[in-house]
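Peer 1: coordinates for the following, if possible.
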Amino acid sequence: MNVYVSLQIHRASECLGISPSNVIPVKNYYNEIDLNDTCDILLLNAMKQMLNFADNYFDNCQKVGIWKMGGGSSTPVTEEKKTELLGNPWRNVAWDHSTQTDLKQYLLDYKPTIDSVPQARILLIGQLKAGKSSFFNSINSIFRSNITSQAKVGEMTTSLTLKYRTYQVKAGRGGPPLAFLLCDTMGLEAREDGGMNIEDIDSILKGYIKEGYPVRAVYLTKPQKQLLYEFRKLNLIN
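Peer 2: Numbering: from 1, shown residues only. Got it, this is the predicted structure:
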């Protein structure tokens, strides 16, 4: 593995307060015209880990009987990319088609551990052009067995995603939706008047925001939040 990638994984681990084993690098499908097992395995592995986190959250909710959210903040860091390689593999992964098939089947069979939650909701947050929308397109491509571009992606200097979007991933063309949703948002920007802000993210995490709502326009009053209590239960990010 590239030393730079390894360092960034450990940096992300420290910022998020999670084990490095839970930080999974991915390679989105962007310029490619065909799928390949290596990219599939990276993407499916990351998706599996996200759902494991969702299940841990569901388990904690069942134990305490309430819904809580927590989090922190970090400062973006830019470094010059290095090409030095580690002497030994940092992770042992079987890069073969059977691994891809097993991971894909895991996601096809996945069900949230709480019966009242039909689909785990995974919120994609990151800086502008980090590949959030491309991640959905890539996961969707794997289950469609061809490259797709349902979510808009590009190299603009401002976010192409202007509204809160939730995306279904289906088991093949015309198949049933899988038991998770990928929720897409605007990118984070250094400008105070650009990109997502804390109020937007907090409202989305608490389930106050519906599909298609323009972000950066969300400032709910206390009475409005009370009216949206039941709606919140169905739309809470896991």
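
Peer 1: show me the contacts for the residue nearest the centre of the chain.
Peer 2: The centroid of the chain falls nearest to Leu124 when counting by CA atoms, centre = their mean (3.8 Å). Residues in contact with Leu124 (CB atoms under 8 Å, 6 or more residues apart in numbering) are 132-133, 135-136, 182-185. C-beta coordinates here come from the backbone N, C-alpha and C atoms, glycine included.

Peer 1: ditto for Phe53
Peer 2: Taking CB under 8 Å, 6+ apart, we find Phe53 in contact with Asn22.

Peer 1: following the chain onward from the helix or strand harbouring it, which element is next?
Peer 2: Here Phe53 sits within helix 37-64, counting by DSSP states H and E. Remark: after helix 37-64, the chain's next helix or strand is helix 97-109, criterion DSSP H and E.

Peer 1: now do the buried residues in that following helix.
Peer 2: Neighbour-count burial for helix 97-109 flags 99-100, 103-104, 107 (criterion: 16 or more other CB atoms under 10 Å).

Peer 1: now do it: which elements does it pack against?
Peer 2: Applying 3 or more CB pairs under 8 Å, 6 or more residues apart in numbering; DSSP states H and E, we find helix 97-109 packed against helix 37-64, helix 132-144, strand 177-184.

Peer 1: what is the end-to-end distance of stretch 11-20?
Peer 2: 9 Å (CA to CA, to the nearest Å).

Peer 1: poorly predicted segments of this protein, please.
Peer 2: Within the chain, the stretches with pLDDT under 70 are 1-2, 66-91, 154-161, 192-194, 215-238.

Peer 1: for Lys111, helix, strand, or coil?
Peer 2: Of the three states, Lys111 takes coil under DSSP: H, G, I helix; E, B strand; the rest coil.

Peer 1: so what's it up against?
Peer 2: So Lys111 contacts Ala179 (CB under 8 Å, 6+ apart).

Peer 1: returning to what we had before: and the contacts of Leu124, which is closest to Lys152?
Peer 2: Lys152 lies nearest to Ser133 out of the contacts of Leu124, by CB to CB, at 6.3 Å.

Peer 1: what is the burial count for the nearest residue to the closest one once chain neighbours are set aside?
Peer 2: By the measure of CB to CB, 6 or more residues apart in numbering, the closest residue to Ser133 outside its immediate chain neighbours is Ala151, 3.9 Å from it. Other residues lying near Ala151 total 19 when counted by other CB atoms under 10 Å.

Peer 1: for Ala151, give its distance to Ser19.
Peer 2: 30 Å (CB to CB, to the nearest Å).

Peer 1: nearest residue to Ser134 in space, please, no chain neighbours.
Peer 2: Using CB to CB, 6+ apart, the nearest residue to Ser134 is Asn28, at 4.0 Å.

Peer 1: I figured Gly172 hits Ile142, correct?
Peer 2: No: Gly172 lies out of contact with Ile142 (CB atoms under 8 Å); the separation is 10.5 Å.

Peer 1: ok, those two, which is more surrounded?
Peer 2: Counted by other CB under 10 Å, Gly172 and Ile142 do not tie: Ile142 has more neighbours, with 23 against 10.

Peer 1: how much space separates the more buried one from Tyr30?
Peer 2: According to CB to CB, Ile142 stands 14 Å off from Tyr30.

Peer 1: same question for Tyr164.
Peer 2: For Tyr164 relative to Tyr30 (CB to CB), the value is 23 Å.
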